[in-house]
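1. here is my input, please return the structure:
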Amino acid sequence: MTASAGPQYRFATKNPATVAPVYIDWEVKLYSNPLQAELKDSSLVIGAPADMVANFKLVNSTTNATVSGNGEKYLLQSIQIRKPGETAEGLGQALNHELEVVLVHKETTGTGYYANVIVPFEVGVDPGFDILAPLLNEAELPAKVGEVKPVLVTNTLPLNLASAFENASFQEFWSTVITSCNDQTAGARLIMRNQTLTTSKDIMSRLLGLLKWAEPAPALKAPTPTWLMGACQRGQTCKMFNATDLAQVYAKAQSEKNSSYGKLVAAKAAMDAALIPLLQMNSTVVASSNATSNGSSNSSSNSSNVTYSVTNAEYDNAVAVRETLRNAQSAYLEADQLVEDFEKEIQASQSSGWDKNKPAPLSSNETAVASAAVTSASAANTTVSSGGTATNSTANTSSLLSIADCQTKGLASLDVDLARDAEHVDASKAGTSEAVLFWRLSSSPLPAAEAAAAEASAEAPLLHLANLGNKLRISMAQGKPFLVLYVRGKELPVSYADVTVPAVHAKDGKRPAAEIQLVHMPSSGMAVAVALQLDEVKEEDGNKFLSSLLQALPSSGEVGDVRGADPMTLHGALGRGVAGRFFRYYGMLEGNSCGAAWHVLEERGRITSQQLEELRKDIQAPDTPTNFRGPTALRADILGKPDHPQAAVEPISPPASPSLKSLLLSLPRQRRQTAMAP
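-> Down below sits the predicted model:
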């Protein structure tokens, strides 16, 4: 059984207080025989043969003993080369890089775990020990997906994977990867190298050209905390990392902040004093001007001319004091940020322990594990029901299952009556953690005000439109998420949005005029879909977002691009950034055999009669079989592939209520800036 490289994450920053109690004890030898490379949809995969020596085990940092008796021992399975995940505007990677080499290892003692060592690469003037150069030297790379070509075809440059581990530190955390066993998922340690390696410009160009058609995926935010881990070659003696006592450095940082505040207050007082001569001059000149104006109708003997001048020394002093105030302000803000960073690191180090999120090994009773998952989902359902919302036993059992679970049965959306088949959720009673939030961008380390500014300066997005006959599919250019849902503690990038006329979902047998479905399609497990229903109105001022689409609405079977309006104008709930009342059920979703957790908002949006008429000209009813009336030009990047959606997601579990910062981040662009203004 083989495994994928796993989801793409933004590289995490180090927390000096969360140091792993183990280190990587690695054994890697040079390899010179040819290897087989296959081009996949999103990566170049090079298999590791049985005669290649490349493995590591986890060793206790204190006792130098292998962890837990036999411990976890990992053997290299494949080398996978891919582009890094895309970050939203205003975000960046902690390590700038253009490629990622993922060394996929499988645990050898039967636990079913994997360990993916992720090595970032960038172009360097002097690459030194380049892992990639021997692979590509005189090799003809596969050009089509599914094609297999030999690499490492010369023995002049042996493959040296030891460069990935030598003199390196890593950030470790648990995630999941897709395996070749019916696309099932398995627990995996993601071990991200804290330093980039370099390669030549020519090699980078060849690989990026090879992967130019790879479907981009958003870079997920690494969980908190990640664990700092060292590496040591087997048989060598290495110095390990020690956790930092953050209490001491925090106290020192707090002292520096207090001192900086005192200097800021003193600088402000000095600035006030330096401004007095300037203010006196200004008021005297005004008084003189008024006196002259009032005396213009009288005799010149009654006029009064009062003058006041500022000396060069007074002016120079004011300028110098202003610069001192600016420096004091910068020093205080820097000290305040440092204290805040230490507080976050201390909180993270105290909230979790090493391997706390480690999944159960596959060698245990899988039936019991599955049963426990269903029991957990039922318990979560009981919590929601106790909040006083209307419930339905059949809907509840399915709607709260983990997104990672794959359920092949469910209700077809066209057969659902929300009043009968769905659970009604009211976050004001069930708790704010049940609310659905809408964000333009994924969360980031940017301060809230900077994130708002990044959004405010962003251009209107370029949208891809695909008329699928019975629906209009909207996706973003370059594979970026249409927007981001925040559902029960998880960020879920919206892969695409579908527009149908009339609505798909009915309530009491009646369907609204139109429906817009925001769909998050994970790499495995259930999808998440949020349906926004629209009522027909007579007013000219209808749905602003749809107005922009109608300017370039493609015919059935055709595609088009349009510079769209703000996605947050789709519906009132998106404009506010939050929806607290909706219907929820588990049902089917075209393109995903695992179905979807559906959320149909109770609040209706609106669409004008004219907008409806224009949509009906080119879009058939949702229960009409897909049958394009014109020549098809639909692109694969719009239709997507069920096996290769945009991003993986971890199981949803009931979180704590969203923080104030989270709620502020969820506000739309203009309101967010207003709310954060001092």
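
2. in the stretch 451-600 of the chain, where is pLDDT below threshold?
-> The stretch 451-600 of the chain contains residues with pLDDT under 70 at 451-461, 477-479, 540-541, 564-565.

3. let me see the ranges of the helices in it.
-> Applying DSSP state H, counting those that start in this stretch to the stretch 451-600 of the chain gives helices spanning 544-550, 572-576.

4. just put those in CSV and tack on distance to Phe121.
-> Where you see a C-beta, it was placed from the backbone N, CA and C, and this is true even at glycine. Output for the helices of the stretch 451-600 of the chain, formatted as CSV (distance: least, Cβ to Cβ, whole Å):
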stretch, distance to Phe121
helix 544-550, 40
helix 572-576, 38
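
5. Ser163 is nearest to which of the ones you listed?
-> helix 572-576 (47.5 Å; Cβ to Cβ).

6. reformat the helices of the stretch 451-600 of the chain as JSON lines; add distance to Asn258 and mean neighbour count.
-> Formatted as JSON lines, the helices of the stretch 451-600 of the chain follow (distance: least, Cβ to Cβ, whole Å; neighbours: other Cβ atoms under 10 Å):
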{"stretch": "helix 544-550", "distance to Asn258": "50", "mean neighbour count": "19"}
{"stretch": "helix 572-576", "distance to Asn258": "39", "mean neighbour count": "20"}
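
7. quick one: closest of these to Gly557.
-> So among the helices of the stretch 451-600 of the chain, helix 544-550 is nearest, using Cβ to Cβ, at 17.0 Å.

8. using CSV, write out the CA atom coordinates for the closest one.
-> Presented in CSV, the C-alpha positions along helix 544-550 are these (Å, rounded to 0.1, in the frame of the first residue of the first chain):
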residue,chain,number,x,y,z
LYS,A,544,-25.3,42.6,-7.5
PHE,A,545,-23.0,39.6,-7.9
LEU,A,546,-25.3,37.9,-10.4
SER,A,547,-25.5,41.1,-12.4
SER,A,548,-21.7,40.9,-13.2
LEU,A,549,-22.1,37.2,-14.3
LEU,A,550,-24.9,37.9,-16.6
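
9. and the residue nearest the centre of the chain?
-> The residue lying closest to the centre of the chain (Cα atoms, centre = their mean) is Leu220, at 3.8 Å.

10. need the contact list for the spatially closest residue to that residue that is not a sequence neighbour.
-> Closest residue in space to Leu220, ignoring its immediate chain neighbours: Tyr9 at 4.9 Å, by Cβ to Cβ, 6 or more residues apart in numbering. The contact partners of Tyr9, taken as Cβ atoms under 8 Å, 6 or more residues apart in numbering, are 85, 118, 175, 190, 192, 219-222.

11. most widely separated two among those residues?
-> Between any two of the contacts of Tyr9 (Cβ to Cβ), the greatest distance is 15.0 Å, for Ile118 and Lys221.

12. pick out whichever of these two has more residues nearby.
-> Taking other Cβ atoms under 10 Å, Ile118 and Lys221 do not tie; Ile118 has more neighbours (24 against 16).

13. any idea what the more buried one is bridged to?
-> Counting by DSSP bridges, Ile118 is bridged to Val102, Met192.

14. in contact with Met271, which residues?
-> Counted by Cβ under 8 Å, 6+ apart, Met271 has contacts 318, 321-322, 324-325.

15. quick one: mean pLDDT over the one helix or strand Lys429 maps to.
-> Taking DSSP states H and E as the criterion, Lys429 maps to helix 427-430. Helix 427-430 shows a mean pLDDT of 82 in the predicted model.

16. likewise for stretch 125-143?
-> Stretch 125-143 comes out at a mean pLDDT of 85.

17. list the contacts of that stretch.
-> 35, 37-39, 44, 46, 79, 81, 101, 119, 121, 148-154, 156-161, 163-164, 197-200, 203, 206-207, 210.

18. and what of stretch 153-168?
-> When contacts are defined by Cβ under 8 Å, 6+ apart, stretch 153-168 is touched by residues 24, 26, 28-32, 34-35, 54, 56, 76, 79, 101, 103, 117, 119, 129-131, 133-135, 137-139, 152, 193-195, 197, 231, 233.

19. next, the buried residues of it.
-> Across stretch 153-168, burial judged by 16 or more other Cβ atoms under 10 Å covers 153, 157, 159-165, 168.

20. show me where the stretch 151-300 of the chain has helices.
-> Secondary structure of the stretch 151-300 of the chain (DSSP H, counting those that start in this stretch): helices located at 201-210, 246-294.

21. in JSON lines, list the ones you listed along with distance to Leu549.
-> Output for the helices of the stretch 151-300 of the chain, formatted as JSON lines (distance: least, Cβ to Cβ, whole Å):
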{"stretch": "helix 201-210", "distance to Leu549": "33"}
{"stretch": "helix 246-294", "distance to Leu549": "51"}
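
22. Leu570 contacts Ile607, doesn't it?
-> No: here Leu570 lies out of contact with Ile607, judged by Cβ atoms under 8 Å, at a distance of 10.5 Å.

23. what is in contact with these two at once?
-> By Cβ under 8 Å, 6+ apart, the residues touching both Leu570 and Ile607 are Asn543.

24. for Glu140, give me the backbone phi and psi.
-> Torsion angles at Glu140 (phi, psi; degrees, to the nearest 10) stand at phi -100, psi 110.

25. redo the contacts of Tyr9 as CSV? Include pLDDT and distance to Phe545.
-> Shown next, in CSV, are those (pLDDT from 0 to 100; distance: Cβ to Cβ, whole Å):
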residue, pLDDT, distance to Phe545
Gly85, 84, 27
Ile118, 95, 38
Ser175, 92, 35
Leu190, 95, 37
Met192, 93, 38
Ala219, 82, 27
Leu220, 86, 27
Lys221, 82, 27
Ala222, 80, 33
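
26. out of the residues you listed, which one sits closest to Asn592?
-> Once Cβ to Cβ is applied, the member of the contacts of Tyr9 that ends up nearest Asn592 is Leu220, at 19.2 Å.

27. can you pull the buried residues of the helix holding Lys429?
-> 427, 430.

28. after that helix comes which helix or strand?
-> strand 436-439.

29. pLDDT of that next one, averaged?
-> On average, strand 436-439 scores 86.

30. what helices or strands is it leaning on?
-> For strand 436-439, the elements it packs on are strand 484-487, strand 578-579, helix 660-666, judged by 3 or more Cβ pairs under 8 Å, 6 or more residues apart in numbering; DSSP states H and E.

31. residues in contact with the shortest one?
-> So the one you mean is strand 578-579. Residues from elsewhere that reach strand 578-579 (Cβ under 8 Å, 6+ apart): 435-438, 530, 573, 599, 601, 603, 663, 666.
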